[in-house]
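Chemist: Build the 3D model from these lines:
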Amino acid sequence: MQLPKNLVTPEVIAAALTAEAYGKDTTSQKTVTFKIFKLGVDFKKVDSAPLDDKLYLVARTMLLDGKQVTISIKEKDGIIKGSADAVLPVLEITEEQMEQKTPAGGEVPGTEKTEFSGTVKDNLVKIPIHLRPKSEEELKQWKDKINNGKEDGSYTYTFGGPTSIKNAADKKSIAGNILNNAKGGKRGNPKIEDGKTSSVEEIEKALAIKDYKAGDTITFKLLKKVPEFLYLHAKAQGEKQHDKKFLNKEGAYFQIGKNKYIIFPLRAKPRNDVNGANKKDYWAENNNNQTNFGYSRGTRKHAARDLETESNETVVAIAEGVVLEAQAFYRGTHQVTVHHKVPDGREFIVRYGELDPNSLKVSKGDEVIKNQELGKTGKMTGISRYMVHFELYTGSEGFEVVNYRLTQDNNPPFKRRKDLVDSLEILQEGYKNTFGEETGSVLFTVEDGKKAIEELYSRYKNEKWNWKWEGSTEEIEIKGKDLVAIVEKMYRLETDHFKSKQYKNCGTGGMEVFGPAPYYGWDSALFTEQPIGTWSSFEGAGLSGTGGNAQVTDKKKEFVKLPSVIAGMEYKIKYIIKYNGDYARWFNKTDQTARTTYINTLKNIKARFVDAL
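Modeler: Predicted coordinates for the structure are as follows:
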């Protein structure tokens, strides 16, 4: 008899072989009876998931139908609960709750448990869980512990001058300053070693409400960022007791990963992807083809990123949100506009354009969840290609749609609302979360910085000016090569020597948006090439230790993106010339102490590219 594959195992057959011998003659011939098992539901094993995700605990068994299996979730290192092999209590939920959206601000459905039990049916136990505790406050504590890492040593901080702490607010503020000083090795303190950090909360524990003198010390815990690993401990009673740990071998642990709040608006890679059928129109380039943001379309510039697809391909919501519009759009296609709110605090508007009008699955006022189908890509009148036209608005102009096109014809060059921005970064984030890989888009490199300096050196080396340079009391002659050297030093300081994400994405060291497109508040006369959009990020501490114009920790800042590094460098050259050599003005216009600090810091940086020339 031919047995269906995978419905029986050698172990089951061996257990059924009870006789000492089996023969072919009629007197000794015996039969063997064994069970054939029905295949259970196919589950995809996942190696990681973020906190607050919903998953199944799955146990596959053999010969245990009708028996109870008990499963507990344990930590490898005990980052959350404080001890290795600690049991992690999470929520058991129902099958229906697997697909339901967690209510904002309300009670979280589910029962918090440390042990989960299920009855084996068709050799399978499946238990739906929500990977979080019941309490929102405790969930926040878990996330903070994972973000901060595991205790690894201590750090003794020495006060460089008198410091007075009068209340809890002072303590928090001073703890933040101490952390910045310790990370940067400032005020006579050693730099925290690479791979380790601490937190404001840990430093607050070490501080007292008192007056500290110069030379006083405090000691606080250091933390090392390590992955948070979990494993399963399962028990079952058949003919014998089964008690085993699973996923607890090196390389097999389950990891609590980063939250993937944003996904790609398509479930398949675009045709105009980096290796797609139409890669010549690669969607993630910088203004190089008709699908890119900022590409010239005659009297206006392209306001979106176009993701080309096969015919009638599904378009999904990249995050949770509420539909603002679902209406006619362009050349016979429709658009769906969604006000998205992301759990990490981000809030923005996306317009998903050029959809088939007969395919729309949502209407105005509908709540949508991540990965929910909005519609399918449609065919435009007179154009044979299918695509989703993806526009992004920051919401600074409000989260209500003023008119169905979100356009303002008196707002060139895009003829859109003033808060329109390039959607590249958020599409890159979603691409990585959906397909598990980077987009392959070209970022600015150290070599781009070197070539820009070489070009500017050749262009300005024979120029001369008479300025009061670097705090001199009298005017001195400044040569072009000196000016280019200062610009290189400015870039090196502001881009971590051409390695910062801001430099790689924008081609500048930091030009914060404070006005509308196309120049975003910057002097149009100083640009040799027009900005092509913006890029957003949480701002680092910078030279001041408190950020640039103002340290913002609860939302990202928008920065100007340029088509080339040389465009950003030449802007600085023209800025310095415009203000008669006052390059410290770039850092601070009025604070003399801050200006002096900036000048002295640049003196200690080598202009390696210029020196080589």
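Chemist: Where do the helices of the chain begin and end?
Modeler: Taking DSSP state H, the helices of the chain run over residues 10-16, 95-98, 136-148, 168-184, 200-206, 424-435, 446-460, 480-494, 501-506, 565-578, 592-603, 608-612.
Chemist: Any idea which of those helices gets closest to residue 237?
Modeler: Residue 237 lies closest to helix 10-16 among these, at 17.9 Å (C-beta to C-beta). For every residue, glycine as well, the C-beta is placed using N, CA and C.
Chemist: Now do the closest one, average pLDDT.
Modeler: In this model, helix 10-16 has a mean pLDDT of 62.
Chemist: go on, stretch 49-68?
Modeler: Average pLDDT, stretch 49-68: 83.
Chemist: same thing with stretch 592-601?
Modeler: Computed over stretch 592-601, the average pLDDT equals 88.
Chemist: residues of it that come out buried?
Modeler: If you call a residue buried by 16 or more other C-beta atoms under 10 Å, then stretch 592-601 has these buried ones: 595, 597-599.
Chemist: do stretch 143-160 as well
Modeler: Within stretch 143-160, the residues scored as buried using 16+ other C-beta under 10 Å are 143, 145-146, 148-150, 155, 157, 159.
Chemist: try stretch 57-71
Modeler: If you call a residue buried by 16+ other C-beta under 10 Å, then stretch 57-71 has these buried ones: 57-59, 61, 64-65, 67, 69-71.
Chemist: repeat for stretch 113-123
Modeler: Buried residues in stretch 113-123, counted by 16+ other C-beta under 10 Å: 113, 116, 118, 120, 123.
Chemist: Now flag whichever of the buried residues of stretch 592-601 is closest to residue 266.
Modeler: Nearest to residue 266 out of the buried residues of stretch 592-601 is residue 598 (C-beta to C-beta; 45.8 Å).
Chemist: Need phi/psi at the nearest residue to the closest one once chain neighbours are set aside.
Modeler: Nearest in space to residue 598, with sequence neighbours left out and distances taken as C-beta to C-beta, 6 or more residues apart in numbering, is residue 587 at 4.1 Å. Backbone torsions of residue 587, given as degrees, to the nearest 10, read phi -90, psi -40.
Chemist: Is it correct that residue 479 is in contact with residue 461?
Modeler: Yes - with contact defined as C-beta atoms under 8 Å, residue 479 reaches residue 461; the gap is 7.4 Å.
Chemist: where in the stretch 401-550 of the chain is pLDDT low?
Modeler: Along the stretch 401-550 of the chain, segments meeting pLDDT under 70 span 402-409, 438, 440-442, 471, 538-550.
Chemist: Nearest to residue 264 among the buried residues of stretch 57-71?
Modeler: Closest to residue 264, out of all of the buried residues of stretch 57-71 and judged by C-beta to C-beta, is residue 58, at 27.2 Å.
Chemist: Just list whatever residues bridge to that closest one.
Modeler: Residues in a beta bridge with residue 58, per DSSP bridges, are residue 126.
Chemist: Equivalent analysis for residue 351, please.
Modeler: With DSSP bridges applied, residue 351 shows beta-bridge pairing to residue 337, residue 391.
Chemist: And for residue 479?
Modeler: residue 464.
Chemist: Going forward, the N-terminal residue is numbered 3.
Modeler: Will do, 3 is the new start, and the previous item becomes residue 481.
Chemist: Give the buried residues for stretch 494-507.
Modeler: Within stretch 494-507, judged by 16+ other C-beta under 10 Å, the buried ones are 494-497, 500, 502, 504-507.
Chemist: Can you add distance to residue 379 and give those residues back as a markdown table?
Modeler: Shown next, in a markdown table, are the buried residues of stretch 494-507 (distance: C-beta to C-beta, whole Å):
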| residue | distance to residue 379 |
| --- | --- |
| 494 | 45 |
| 495 | 46 |
| 496 | 41 |
| 497 | 39 |
| 500 | 39 |
| 502 | 36 |
| 504 | 33 |
| 505 | 35 |
| 506 | 31 |
| 507 | 28 |
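Chemist: Centroid-nearest residue for the chain?
Modeler: The residue lying closest to the centre of the chain (C-alpha atoms, centre = their mean) is residue 431, at 6.0 Å.
Chemist: Could you measure from the residue nearest to it when sequence neighbours are not counted over to residue 394?
Modeler: In space, and not counting its chain neighbours, residue 431 is closest to residue 264: 4.8 Å by C-beta to C-beta, 6+ apart. Between residue 264 and residue 394 the computed distance is 11 Å (C-beta to C-beta, to the nearest Å).
Chemist: Need the overlap of contacts for these two.
Modeler: residue 428 (C-beta atoms under 8 Å, 6 or more residues apart in numbering).
Chemist: the more surrounded of these two?
Modeler: residue 394 (26 against 23; other C-beta atoms under 10 Å).
Chemist: Now do the contacts for residue 572.
Modeler: Contacts for residue 572 (C-beta under 8 Å, 6+ apart) come out as 458, 528, 530.
Chemist: give me that answer again for 7 Å
Modeler: Taking C-beta atoms under 7 Å, 6 or more residues apart in numbering as the criterion, residue 572 is in contact with 458, 530.
Chemist: Ok, residue 581 next?
Modeler: residue 587.
Chemist: Could you do residue 374 as well?
Modeler: 318-319.
Chemist: again, only this time at 6 Å
Modeler: For residue 374, the contact set (C-beta atoms under 6 Å, 6 or more residues apart in numbering) comprises residue 319.
Chemist: Does residue 611 touch residue 452 like I think?
Modeler: Yes - Residue 611 lies in contact with residue 452 (C-beta atoms under 6 Å); the separation is 5.1 Å.
Chemist: more crowded one of those two?
Modeler: Counted by other C-beta under 10 Å, residue 611 and residue 452 do not tie: residue 611 has more neighbours, with 22 against 16.
Chemist: how close does the more buried one sit to residue 481?
Modeler: 16 Å.
Chemist: pLDDT score for the residue nearest to residue 494 when sequence neighbours are not counted?
Modeler: Excluding its sequence neighbours, the residue lying closest to residue 494 (C-beta to C-beta, 6+ apart) is residue 607, at 5.3 Å. Reported pLDDT at residue 607 in the predicted model: 92.
Chemist: Equivalent analysis for residue 123, please.
Modeler: Taking residue 123 on its own, its pLDDT is 86.
Chemist: pretty sure residue 77 contacts residue 91?
Modeler: No - if you go by C-beta under 6 Å, residue 77 and residue 91 don't touch, sitting 11.2 Å apart.
Chemist: Neighbour count for these two, which is higher?
Modeler: In this view residue 77 and residue 91 are compared by other C-beta under 10 Å, and residue 77 has more residues nearby, 21 against 17.
Chemist: Can you pull the phi/psi pair for the closest residue to that one other than its chain neighbours?
Modeler: Leaving aside its sequence neighbours, residue 77 sits nearest to residue 88 (C-beta to C-beta, 6+ apart; 5.0 Å). Phi and psi for residue 88, reported as degrees, to the nearest 10, are phi -70, psi 140.
Chemist: Near residue 88, how many other residues are there?
Modeler: Residue 88, neighbours per other C-beta under 10 Å, totals 17.
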